[in-house]
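Undergrad: with the input below, show me the fold.
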Amino acid sequence: MTMNLTVRAIFFLFITVLLFSACRSSQELLPPSERTLDYLMSLDPEVLKTLDTDGDGLSDYDEIFVYGTDPLNPDTDGDGLSDYDEIYVYGTDPLNPDTDGDGLSDFDEIYVYSTDPLNPDTDGDGLSDYDEIYVYGTDPLNPDTDGDGLSDYDEIYVYGTDPLNPDTDGDGFTDGQEIEMGTDPLDPNDPVVIRELNQINFDFDRSNIDREARGLLTENVEKLNTNPNYTIRIEAFTDPVGTDQYNLRLSVRRANAVADFYRAEGISSERMTVVGLGVDPNPCMNPIPGDRGCRENRRAASEPIHPFRFQPQFND
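TA: Numbering: from 1, shown residues only. As a prediction, the model looks like this:
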């Protein structure tokens with residue numbers, strides 16, 4: 001009987017000690033707002049493993065002894081990303097607000113510019129993400145912002161062209177095409193481009209070259225003589241008055257009249273293609289009162305055939 005009482009006494013004493021210890025431990029654990037780093041360092045490591053004082057998803061133990069981050073601050077480097085996300089989601093450095101050192105914070109790279117916070121040159125064009133955004137205004141996600149065939153780096157540091165304009169000199173050829181052709185992408189006159197030649201009009205049912213037409217064709221001859229590599233396609237038309245067969249023959253006569261004029265001025269036949277196309281498919285936009293048909297449809301156009309590897313494209 002006495003032995004049973006002793007066992008019971010020891011058991012109750014043990015339970016009392018456990019409860020007292022647990023109560024004491026809970027009393028000694030300060031709330032998160034009152035904790036300091038020194039305080040956390042004084043705790044048992046196993047206790048630290050159960051705590052996440054700053055609520056960032058990392059235990060205080062891991063922050064102190066594994067990652068070196070601040071267990072009292074969910075964003076140790078102040079870049080806008082939690083320490084947990086930097087370590088486990090993005091792979092960035094929670095101790096460095098700009099992991100790749102390109103001048104952009106990790107947060108901005110991820111959430112603002114969609115660039116790679118682990119790569120200072122996301123698109124690999126030789127320009128840092130920061131410089132593309134804040135210095136040159138180019139796209140850090142596209143190595144060729146203007147799509148001209150030259151990288152942004154080469155445009156800026158090699159050729160001096162505009163990485164935001166595919167045709168820096170405005171001559172109709174992209175900067176990449178000019179480099180490929182061996183011409184100067186900064187000189188609008190290299191290569192020399194004949195953008196257009198004058199077209200002429202005819203009187204009703206006539207194919208002769210009048211005084212006004214002679215002046216316009218003479219200007220064309222000067223351009224063709226200056227640019228001997230160009231050939232031309234002469235296309236002539238009529239207005240809709242008359243039969244299709246007659247108008248086709250008349251358009252041929254008009255085209256030949258222009259070709260004869262050019263030949264008389266020294267332009268060789270080998271540089272010309274002559275075509276009569278009959279009735280002009282374009283509507284008459286400016287009819288002349290009392291005029292039969294439409295003078296603006298009675299025309300001959302001299303279309304320049306470019307001798308270059310690429311066809312120039314003009315925006316205006």
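Undergrad: now stretch 289-302: buried residues?
TA: 293-302 (16 or more other Cβ atoms under 10 Å). C-betas here are computed from N, CA, C, even on glycine.
Undergrad: how about residues contacting that stretch?
TA: With contact meaning Cβ atoms under 8 Å, 6 or more residues apart in numbering, stretch 289-302 is reached by 197-204, 217, 220, 232-241, 254-255, 257-258, 279-280, 282, 284-288.
Undergrad: just to revisit the earlier point, which one of the buried residues of stretch 289-302 is nearest Pro185?
TA: For the buried residues of stretch 289-302, the closest approach to Pro185 (Cβ to Cβ) belongs to Ser302, at 28.5 Å.
Undergrad: strands paired with the helix or strand where that closest one lies, and their directions?
TA: Using DSSP states H and E, Ser302 sits within strand 299-305. In the sheet, strand 299-305 lines up against strand 200-201 (antiparallel), strand 231-238 (antiparallel) (DSSP bridges).
Undergrad: from the contacts of stretch 289-302, which ones fall inside helices?
TA: Among the contacts of stretch 289-302, DSSP state H puts 217, 220, 254-255, 257-258 in helices.
Undergrad: would JSON lines of the residues you listed with pLDDT be doable?
TA: Formatted as JSON lines, those follow (pLDDT from 0 to 100):
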{"residue": "Leu217", "pLDDT": "98"}
{"residue": "Asn220", "pLDDT": "98"}
{"residue": "Arg254", "pLDDT": "98"}
{"residue": "Ala255", "pLDDT": "98"}
{"residue": "Ala257", "pLDDT": "98"}
{"residue": "Val258", "pLDDT": "98"}
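Undergrad: show me the domain layout of the protein.
TA: The chain breaks down by automatic domain parsing into domains covering 12-74, 129-181, 200-283+292-305.
Undergrad: how about the helices in the stretch 51-200 of the chain?
TA: With DSSP state H, counting those that start in this stretch as the criterion, the stretch 51-200 of the chain has helices at 60-61, 83-84, 106-107, 129-130, 152-153, 175-181.
Undergrad: closest one to Gly137 among the ones you listed?
TA: The closest of these to Gly137 is helix 152-153. By Cβ to Cβ, the value is 10.0 Å.
Undergrad: the contacts of stretch 289-302, buried ones only, as a ChimeraX selection?
TA: Of the contacts of stretch 289-302, the buried ones can be selected in ChimeraX as follows, counting by 16+ other Cβ under 10 Å:
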select :197,199,200,201,202,217,220,232,234,235,236,237,238,239,254,255,257,258,279,280
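Undergrad: circling back: any chance of the buried residues of stretch 289-302 in a markdown table, with distance to Asn227 and pLDDT too?
TA: Converted to a markdown table, the buried residues of stretch 289-302 look like this (distance: Cβ to Cβ, whole Å; pLDDT from 0 to 100):
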| residue | distance to Asn227 | pLDDT |
| --- | --- | --- |
| Gly293 | 35 | 87 |
| Cys294 | 32 | 92 |
| Arg295 | 30 | 93 |
| Glu296 | 28 | 94 |
| Asn297 | 29 | 96 |
| Arg298 | 28 | 97 |
| Arg299 | 23 | 98 |
| Ala300 | 20 | 98 |
| Ala301 | 18 | 98 |
| Ser302 | 13 | 98 |
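Undergrad: can you lay out those as CSV showing distance to Asp167?
TA: Converted to CSV, these look like this (distance: Cβ to Cβ, whole Å):
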residue, distance to Asp167
Gly293, 41
Cys294, 37
Arg295, 36
Glu296, 32
Asn297, 34
Arg298, 36
Arg299, 30
Ala300, 31
Ala301, 25
Ser302, 25
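Undergrad: for those residues, which one is nearest Ser59?
TA: Set against Ser59, the nearest of those by Cβ to Cβ is Ala301 (81.0 Å).
Undergrad: so what sits opposite that closest one in the bridge?
TA: Ala301 has these beta-bridge partners by DSSP bridges: Glu235.
Undergrad: next, the residue minimising distance to the centre of the chain: phi, psi?
TA: With distances taken as Cα atoms, centre = their mean, Thr145 lies nearest the centre of the chain, 3.5 Å away. Dihedral angles phi and psi of Thr145 (degrees, to the nearest 10) take the values phi -60, psi -40.
Undergrad: that one and Asp162: what is the separation?
TA: In this view, Thr145 and Asp162 are 10 Å apart by Cβ to Cβ, to the nearest Å.
Undergrad: looking at this protein, which helix or strand is least sure?
TA: Here the helix or strand of the chain ranked lowest by mean pLDDT, DSSP states H and E is helix 2-28, holding a mean of 43.
Undergrad: would you mark the buried spots in the helix or strand just after that helix?
TA: Downstream of helix 2-28, the first helix or strand assigned by DSSP H and E is helix 37-41. Neighbour-count burial for helix 37-41 flags Leu40 (criterion: 16+ other Cβ under 10 Å).
Undergrad: contacts for the helix or strand following helix 37-41 next, please.
TA: Following helix 37-41 in sequence order, the next helix or strand is helix 45-48 (DSSP H and E). Defining contact as Cβ under 8 Å, 6+ apart, one finds that helix 45-48 is touched by 29, 40, 59-61, 64-65.
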